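S.K.: Here's a sequence, model it:
(one chain, ligands or ions: 1)
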Amino acid sequence: MKQRKLGREGLSVSAQGLGCMGMSDFYGQRDETESIATIHCALDRGVNFLDTSDMYGPFTNEELIGKAIKGRRNRVVVATKFGIMRSNPTSGAWAPITGISGRPEYVRSACDSSLKRLGTDHIDLYYQHRVDNEVPIEETVGAMSDLVSAGKVRYIGLSEASVQTIRRAHKVHPITALQSEYSLWTRDPEDETLLALRELGIGFVAYSPLGRGFLTGELKSPDDFAPEDYRRNSPRFQGENFTENLKLVDRIKSIAMQKGITPGQLALAWVLRQGEDIVPIPGTKRREYLEENIAAEEITICDSEILEITEALPRGAASGSRYPESMMVLINR
Ligand SMILES: NC(=O)c1ccc[n+]([C@@H]2O[C@H](COP(=O)([O-])OP(=O)(O)OC[C@H]3O[C@@H](n4cnc5c(N)ncnc54)[C@H](OP(=O)(O)O)[C@@H]3O)[C@@H](O)[C@H]2O)c1
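M.R.: The predicted structure is shown next:
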């Protein structure tokens, strides 16, 4: 697996990471044995960049990663996040978000708790998951910077932050990476974010590069989701939007077929093609999908194919917003 470098400080990670969220939360059924086997397979295949957060589960995803990397810690770049609080999960429903915190004392205690759950003495890349409008970013990043000085964190990042916030944060401590949604159907970072990141020398980690599974062409109906599957709450996966978005995926499918690859591989190869400073973190809990996603790295897309793909799925073509309203207000702050 090729390596890419994030940020001016040059955090070296595999060209694609492994999103671990779905192993414990958000996307239906869990299978701990297969999830751990998937993480081990990723590490053996050179995918060393694991992505989690304290809010996945909540908490259980970090515990799962801790279990999986025991005895393998030195082969892994562990990325986790703090800042989103959720209610305790009740059976049969996705646990809602109850608050955002970037208070320095919260940052310190969240980090200590994550270290414990992950079974490690340091986090390689620690992100603020969502910006807290009540706390100046300088204070939050100041606390994150102290964690670097204390040796608990190696590099710091932000997620879904606005360009203005990124610039202010970067003055306090070098930001190594921004993690935001980026895929064929979510092109928002192209507006101004990627330009600013390149000017500042900050890397970009693309989450949900497979459109939360939609771009693989495997999702057929919103009725197929388990009751607690988060996508039931997401506008793009509901009713008429779902039907309209299926038409877009059909176009991607036919281009992929001509190339003899899967639509998911086309979606991933497209993200990988957008720059050496971009690292997609497709999420899966199955070895079979992991292998398919790794193979996307070898796929080349020429300029004429890029044109064909973007004509098939133009910017802004997706029906429905990428988050429900209550969560849209938490991005770009
Ligand atoms: N910073 C943030 O706010 C934020 C938000 C969302 C996600 N993330 C991170 O980004 C990671 C990736 O995003 P994501 O998991 O939301 O979305 P994604 O990678 O776009 O899609 C994941 C979905 O695609 C399915 N899938 C994966 N590979 C497949 C393949 N080859 N064929 C068919 N289906 C396939 C998975 O199925 P299975 O689950 O059945 O394997 C899962 O349902 C997460 O795991 C998380 O760590 C961060």
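S.K.: Wait, residue 139 touches residue 104, no?
M.R.: Yes - shown here, residue 139 and residue 104 form a contact pair, counting by CB atoms under 8 Å, at 5.7 Å. For the C-beta atoms, the positions are set from N, CA and C on the backbone; glycine is no exception.
S.K.: tell me which element residue 110 falls in.
M.R.: Per DSSP states H and E: residue 110 is located in helix 104-118.
S.K.: is that helix anywhere near the ligand?
M.R.: No - using CB under 6 Å from any ligand atom, helix 104-118 stays clear of the ligand, with a minimum separation of 13.9 Å.
S.K.: which residues sit against that helix?
M.R.: 52, 54, 59, 62-63, 65-66, 69, 78, 80, 82-83, 121-123, 126, 128, 139-140, 142-144, 146-147, 152-153 (CB atoms under 8 Å, 6 or more residues apart in numbering).
S.K.: Now the buried members of the residues you listed.
M.R.: Buried residues within the contacts of helix 104-118, counting neighbours by 16 or more other CB atoms under 10 Å: 52, 54, 59, 62-63, 65-66, 69, 78, 80, 82-83, 122-123, 126, 128, 140, 143-144, 146-147, 152-153.
S.K.: quick one: which of those residues sit in strands?
M.R.: 78, 80, 82, 123, 126, 128, 153 (DSSP state E).
S.K.: which ones are touching residue 189?
M.R.: The neighbourhood of residue 189, defined by CB under 8 Å, 6+ apart, consists of 180, 182, 204.
S.K.: go again using 10 Å as the cut-off
M.R.: 160, 178, 180-182, 195-197, 204, 206, 274, 278 (CB atoms under 10 Å, 6 or more residues apart in numbering).
S.K.: Keep the residues you listed, but drop any that are not near the ligand.
M.R.: Restricting the contacts of residue 189 to those within reach of the ligand (CB under 6 Å from any ligand atom) leaves residue 160.
S.K.: before we move on, the earlier item: of the contacts of helix 104-118, which ones also sit close to the ligand?
M.R.: Okay, of these, nothing touches the ligand (CB under 6 Å from any ligand atom).
S.K.: For the chain, list the residues in contact with the ligand, please.
M.R.: Going by CB under 6 Å from any ligand atom, the residues of the chain near the ligand are 19-22, 27, 51, 159-160, 179, 207-213, 216, 218, 264, 281-286, 289, 292-293.
S.K.: which non-adjacent residue is nearest residue 94?
M.R.: residue 230 (4.7 Å; CB to CB, 6 or more residues apart in numbering).
S.K.: pLDDT wise, what is that neighbour at?
M.R.: Here the pLDDT value assigned to residue 230 is 94.
S.K.: if we can go back for a sec, relative to the whole chain's centre, how far out is the helix holding residue 110?
M.R.: Counting by CA atoms, centre = their mean, to the nearest Å, helix 104-118 is centred 20 Å from the centre of its parent chain.
S.K.: center of this structure - which residue?
M.R.: residue 207 (2.9 Å; CA atoms, centre = their mean).
S.K.: Helices of this protein, start to end?
M.R.: For the chain, applying DSSP state H gives helices covering 32-44, 60-69, 104-118, 137-149, 163-172, 193-200, 239-259, 263-272, 287-295, 303-312, 325-328.
S.K.: just so I know, which of the ones you listed lies nearest residue 7?
M.R.: Of all these, helix 193-200 sits nearest to residue 7, with 9.0 Å by CB to CB.
S.K.: hang on, the earlier thing: want to throw the ones in strands among the buried ones among the contacts of helix 104-118 into JSON lines with pLDDT?
M.R.: JSON lines is the format used below for these (pLDDT from 0 to 100):
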{"residue": "78", "pLDDT": "98"}
{"residue": "80", "pLDDT": "99"}
{"residue": "82", "pLDDT": "98"}
{"residue": "123", "pLDDT": "98"}
{"residue": "126", "pLDDT": "99"}
{"residue": "128", "pLDDT": "98"}
{"residue": "153", "pLDDT": "98"}
